[in-house]
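Novice: Have a look at this prediction, sequence included:
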Amino acid sequence: MDSPLILETLPGDVIVLIAQTVHSANNRDLSTLACVSHRLRALCFSLLFAHCRITSEVLLSSEEPPESIREIVRRMTLDGSFKPLETEHLAQSLGTLFKFFPNLRHFQIRNVFSGIPWTVWDVCLEKVTSIDINYNSRWRTRNNPILHTPLYTQRNLLKHLSLGAHAWRALHSMLGKVDQIAEYMVESHHLTQLVCGMNETAESLALPMETAPLIRMSQMSWPRIQYLSLKGRYPPEMQATTLPALLSRMPTLRSLRVQAAQRVTFSRPHIWDSSMAPSSSALSELESLTIAYPNPDDDIFSVKTPRLIHLSLRDEPRYYFPLRTYDYVSYSIVSPILSASECLRILQRMETPSLTSLELVYQADTTEDVLLHHIASAYPSLARLELHRYREPDDALVPYATVAQILSSITSLQTVRFNFDSPETPPVHCRDYARKQSWSALSHSRALDILSIMRRCPRLEHIAVLDPRLQCCTWVEYHVRYPGGVAVHADVLDLYQVDCDKLPYR
């Protein structure tokens, strides 16, 4: 009789595959797995220490890293949230530390509130090919290097550069009494040197719209770039031709995300102008397209994109924040969401036979049913759908059953998310417990009704409805199980804040 398979006796390559799967979900679980036995720890060792985190205490100490991990470390995160970093010694300390890790390629910076001097980037550019900076890290130091550092562009070997950006930045500066002009000057100065020196090697860029050197970038070629993300807010001096000129110089682009808040003076700009790139192959490699507040007449929706699998026509920031929260949240931001008829115009112009994921944000009008029927019939491979439906001002009814009935004919659907704007929906910051309880009961009842209708979809895994919470909104999922081929009940799961849109604190 064959002995039963147990984890300890599995082949080494199988355990490594398991470890890689666990690692992709949660590194803490990988640490737990590695504690099972000496054999498992040895097999997981290279994954365990491929990414290391250092704090200010570690960085400024004279202790050398263990020899056993020096060849393994590929990614390093500098976390400055525990103790303020002395920026004067930051570059020297990093340079010393980097010498111990010959295979280090990715460097992340988190929560360095005291500022990042340019000398740090000089050290990084000699070692790494990927830099990732979260939005809590400041560029401006006490010495204000913008006054002392000349603007120059020198070639570097960076392939990936990511800077955290969000639409609330101006609001944070106003509430925190931060000198935003000075912050932007320093950041723009440094970004120009970094970004404009990597155009020949860049493969992915995620930049803040306010300070990215877009005009300079639009005058350069980007032969290898595949991913471009622009977030934040449109700068007031933005030219209408800047983005089209930039995209025309990116022939290999596969993913484009223009997720920027609109200004009153620059609403719904065009992303693409076909006259700037008459070649039929321009943008034809796109696989993912996300645009906040798109212009229905934009030429980008006439481009043939046979490989496009993800499309998002959304808002930024989420429309439910200015709609259902404090007035100060709307500070100098407009929210020109699409109507259902405008969404329909866009989708009818596009050729996307391979689409598997779709997100739409729209205000309902008389063509809503036509829009939904188009979605149900035009995309035979659609697996993930997210709808944010806002009612007309005088419309108190929410036809969620009708929406679900039309969409239930999509046999390929696996997950569906609904945000139904309803008169009963409480504000995001609501502290009225009775009102929130009443809303939760109503939302739960509607979700079960929707689930009972949409279980006709043979591949459906779950639906989700948006739930306003204090300071944020999150998705509540209703999962379907099929014992004996029949959907009998739903499980409710609250997703964590990784999957929610947060409101800034006042």
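Specialist: Ah, there it is.

Novice: Which residue ranges of the stretch 1-150 of the chain form helices?
Specialist: Ranges of helices in the stretch 1-150 of the chain, per DSSP state H, counting those that start in this stretch, are 12-25, 27-34, 38-48, 56-60, 67-70, 87-98, 118-125.

Novice: With mean pLDDT, distance to Ser229 and mean neighbour count added, can I get those in TSV?
Specialist: Every residue, glycine included, has its C-beta placed from N, CA and C. Listed next are the helices of the stretch 1-150 of the chain as TSV, based on pLDDT from 0 to 100; distance: least, C-beta to C-beta, whole Å; neighbours: other C-beta atoms under 10 Å:
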stretch	mean pLDDT	distance to Ser229	mean neighbour count
helix 12-25	80	21	14
helix 27-34	77	24	15
helix 38-48	85	27	16
helix 56-60	75	29	16
helix 67-70	90	32	12
helix 87-98	80	26	17
helix 118-125	84	20	19
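
Novice: and of those helices, who's closest to Phe107?
Specialist: Set against Phe107 and scored by C-beta to C-beta, the helices of the stretch 1-150 of the chain come closest in helix 118-125, at 5.6 Å.

Novice: do you know how far Ile291 is from His106?
Specialist: Taking C-beta to C-beta, to the nearest Å as the measure, Ile291 falls 29 Å from His106.

Novice: Please work out how many residues are found near Arg456.
Specialist: 16 (other C-beta atoms under 10 Å).

Novice: Make a markdown table out of the helices of the stretch 1-150 of the chain and add distance to Ser267.
Specialist: Formatted as a markdown table, the helices of the stretch 1-150 of the chain follow (distance: least, C-beta to C-beta, whole Å):
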| stretch | distance to Ser267 |
| --- | --- |
| helix 12-25 | 40 |
| helix 27-34 | 43 |
| helix 38-48 | 47 |
| helix 56-60 | 43 |
| helix 67-70 | 52 |
| helix 87-98 | 39 |
| helix 118-125 | 35 |
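
Novice: List just the one of those helices that sits closest to Leu344.
Specialist: So among the helices of the stretch 1-150 of the chain, helix 12-25 is nearest, using C-beta to C-beta, at 38.0 Å.

Novice: partners of the helix or strand encompassing Arg257 in the sheet?
Specialist: For Arg257, the host element (DSSP states H and E) is strand 255-261. Partner strands and pairing direction for strand 255-261 (DSSP bridges) are strand 227-233 (parallel), strand 288-292 (parallel).

Novice: What are the boundaries of the strands in the stretch 401-506 of the chain?
Specialist: Listed in chain order, the strands of the stretch 401-506 of the chain (DSSP state E, counting those that start in this stretch) span 415-420, 462-469, 472-480, 490-494, 501-502.

Novice: ok, of the ones you listed, where does mean pLDDT dip lowest?
Specialist: For those, mean pLDDT drops lowest on strand 490-494, to a mean of 34.

Novice: just to revisit the earlier point, any idea which of the strands paired with strand 255-261 scores lowest on pLDDT?
Specialist: Among these, strand 227-233 scores lowest, with a mean of 92.

Novice: Just the CA atoms of the helix or strand following that strand, as PDB, please.
Specialist: The element immediately downstream of strand 227-233 (helix or strand, assigned by DSSP H and E) is helix 242-247. Extracted as PDB, the C-alpha positions of helix 242-247 are listed here (Å, rounded to 0.1, in the frame of the first residue of the first chain):
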ATOM      1  CA  THR A 242       1.000  67.000 -24.600                       C
ATOM      2  CA  LEU A 243      -0.500  63.600 -23.900                       C
ATOM      3  CA  PRO A 244      -1.100  62.800 -27.600                       C
ATOM      4  CA  ALA A 245       2.400  63.800 -28.500                       C
ATOM      5  CA  LEU A 246       3.800  61.700 -25.600                       C
ATOM      6  CA  LEU A 247       1.800  58.500 -26.500                       C
END
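
Novice: gap between helix 242-247 and the chain center?
Specialist: 21 Å (C-alpha atoms, centre = their mean, to the nearest Å).

Novice: if you skip the residues just before and after it, what's nearest to Pro294?
Specialist: In space, and not counting its chain neighbours, Pro294 is closest to Leu313: 5.4 Å by C-beta to C-beta, 6 or more residues apart in numbering.

Novice: Show me what that neighbour is bridged to.
Specialist: Bridge pairing for Leu313 - DSSP bridges - gives Ile291, Leu360.

Novice: Start at 782, not 1
Specialist: In the new numbering, first residue 782, that becomes Leu1094.

Novice: and it, how many neighbours?
Specialist: 23.

Novice: For it, give me its contacts.
Specialist: Counting by C-beta atoms under 8 Å, 6 or more residues apart in numbering, Leu1094 touches 1072, 1075, 1119, 1124, 1127, 1140-1143.

Novice: mind putting these in CSV, distance to Asn1200 included?
Specialist: Output for the contacts of Leu1094, formatted as CSV (distance: C-beta to C-beta, whole Å):
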residue, distance to Asn1200
Ile1072, 18
Pro1075, 18
Leu1119, 14
Cys1124, 15
Ile1127, 19
Glu1140, 10
Leu1141, 10
Val1142, 8
Tyr1143, 11
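
Novice: From those, pick the one nearest Arg1240.
Specialist: Glu1140 (18.9 Å).

Novice: I'd guessed that closest one sits against Asp1096; true?
Specialist: No: using C-beta atoms under 8 Å, Glu1140 makes no contact with Asp1096, being 10.1 Å away.

Novice: Need the overlap of contacts for those two.
Specialist: With C-beta under 8 Å, 6+ apart as the test, Glu1140 and Asp1096 both reach His1169.

Novice: ok, back up a step: nearest to Pro1161, of the helices of the stretch 782-931 of the chain?
Specialist: Nearest of the helices of the stretch 782-931 of the chain to Pro1161, taken as C-beta to C-beta: helix 793-806 at 29.6 Å.

Novice: Just the residues contacting that closest one, thanks.
Specialist: Counting by C-beta under 8 Å, 6+ apart, 788, 791, 810-811, 814-815, 821, 824-825, 828 sit against helix 793-806.

Novice: Present the strands of the stretch 1182-1287 of the chain as a markdown table; the columns should include distance to Ile799.
Specialist: A markdown table is the format used below for these (distance: least, C-beta to C-beta, whole Å):
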| stretch | distance to Ile799 |
| --- | --- |
| strand 1196-1201 | 26 |
| strand 1243-1250 | 25 |
| strand 1253-1261 | 24 |
| strand 1271-1275 | 24 |
| strand 1282-1283 | 34 |
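
Novice: Can you say which of these is nearest to Pro1207?
Specialist: strand 1243-1250 (5.8 Å).

Novice: could you give the angle of the closest one to strand 1253-1261?
Specialist: Angle of strand 1243-1250 versus strand 1253-1261, following axes from the mean of the first three to the mean of the last three C-alpha atoms, to 10 degrees, is 150 degrees.

Novice: what's strand 1243-1250 packed up against?
Specialist: strand 1196-1201, helix 1214-1235, strand 1253-1261 (3 or more C-beta pairs under 8 Å, 6 or more residues apart in numbering; DSSP states H and E).

Novice: Dump these into JSON lines; add distance to Thr1183 and mean neighbour count as well.
Specialist: Listed next are the helices and strands packed on strand 1243-1250 as JSON lines, based on distance: least, C-beta to C-beta, whole Å; neighbours: other C-beta atoms under 10 Å:
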{"stretch": "strand 1196-1201", "distance to Thr1183": "11", "mean neighbour count": "21"}
{"stretch": "helix 1214-1235", "distance to Thr1183": "10", "mean neighbour count": "15"}
{"stretch": "strand 1253-1261", "distance to Thr1183": "19", "mean neighbour count": "18"}
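
Novice: and Val976, which of those is closest to it?
Specialist: Across these, closest to Val976 is strand 1253-1261 (C-beta to C-beta), at 31.5 Å.

Novice: does Arg919 really touch Phe894, like I thought?
Specialist: Yes: under the criterion of C-beta under 8 Å, Arg919 makes contact with Phe894 at 5.9 Å.

Novice: Any chance of the backbone angles for Glu1167?
Specialist: phi -130, psi 120 (degrees, to the nearest 10).
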